[in-house]
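Asker: Model the structure of this input:
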Amino acid sequence: MTEKLVEAIVEMREEDSAHITADLIESGTDPLEVLKMGRDAMKIIGERFSNGEYFIPELIMGGQIMSKIVERVKPLIKEKQAVGGTTTLGKVVIGTVKGDIHDIGKNLVTFLLDINGFEVIDLGVDVPPAEFVKAIQESGAHVVGLSGFLTLAFDGMKETVQALEEAGLRNSVKVMIGGGQIDEHIRNYAAADAYGNNAQDAVSLAKQWIGG
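Answerer: You can find the predicted model right below:
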């Protein structure tokens, strides 16, 4: 079933993707596991785009399919993970870096951070370094999340971290990055503190750094 969902998303079969997602949920599959399948599919789509096999229409279609899957499992994740209460663990600034407009992963991270007790300042997509700097200065946040799906976002991440350094903020904030093809090599290239393979990793890192 896992392979079927990944295949359906990659091949842009929207109806099949919806049916398989429903079957997985009804069979008791962890909603976070369903999201992992979607992430795996989007990674393949991103690789095919980089290789010239897919183009902008495929990226958009894949994103639309994934958005519907996210909306389908969101209530289940909230029910499973909501911590309750009104105490704020800390502030996190997040945004998709300059040069990239993908927001599915970012929105999911924002959602999970929110239900786990963090105050999230979501800057949106195609965010220039200066906006991250301004948001951190104004909010006093100690964690910043840089999101990017395309390989061209790697430079945007690096430039943002450099901007934090130039503004004298780098020693007071922890930087995590995430997206379609992020790994330790990219983390090192961007000079970030850590990277996450999924939205749950972002929550774990924020809790670790802020002490929640």
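Asker: what about the strands in the protein?
Answerer: Under the criterion DSSP state E, the chain contains strands at 90-96, 118-122, 143-148, 174-179, 194-196.
Asker: These into JSON lines, with extra columns for mean neighbour count?
Answerer: C-betas here are computed from N, CA, C, even on glycine. Formatted as JSON lines, the strands of the chain follow (neighbours: other Cβ atoms under 10 Å):
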{"stretch": "strand 90-96", "mean neighbour count": "25"}
{"stretch": "strand 118-122", "mean neighbour count": "19"}
{"stretch": "strand 143-148", "mean neighbour count": "29"}
{"stretch": "strand 174-179", "mean neighbour count": "25"}
{"stretch": "strand 194-196", "mean neighbour count": "21"}
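Asker: Quick check: the gap between the residue nearest to Gln200 when sequence neighbours are not counted and Ala199.
Answerer: Of all residues not flanking Gln200 in the chain, Leu32 sits nearest, at 6.1 Å (Cβ to Cβ, 6 or more residues apart in numbering). Leu32 is 8 Å from Ala199, where distance means Cβ to Cβ, to the nearest Å.
Asker: among the strands of the chain, which is nearest Ala130?
Answerer: Nearest of the strands of the chain to Ala130, taken as Cβ to Cβ: strand 90-96 at 11.7 Å.
Asker: contacting residues around the closest one?
Answerer: Counting by Cβ atoms under 8 Å, 6 or more residues apart in numbering, the neighbours of strand 90-96 from elsewhere in the structure are 102-103, 106, 109-110, 113, 118-127, 131-132, 135-136, 139-149, 153, 206, 210, 212.
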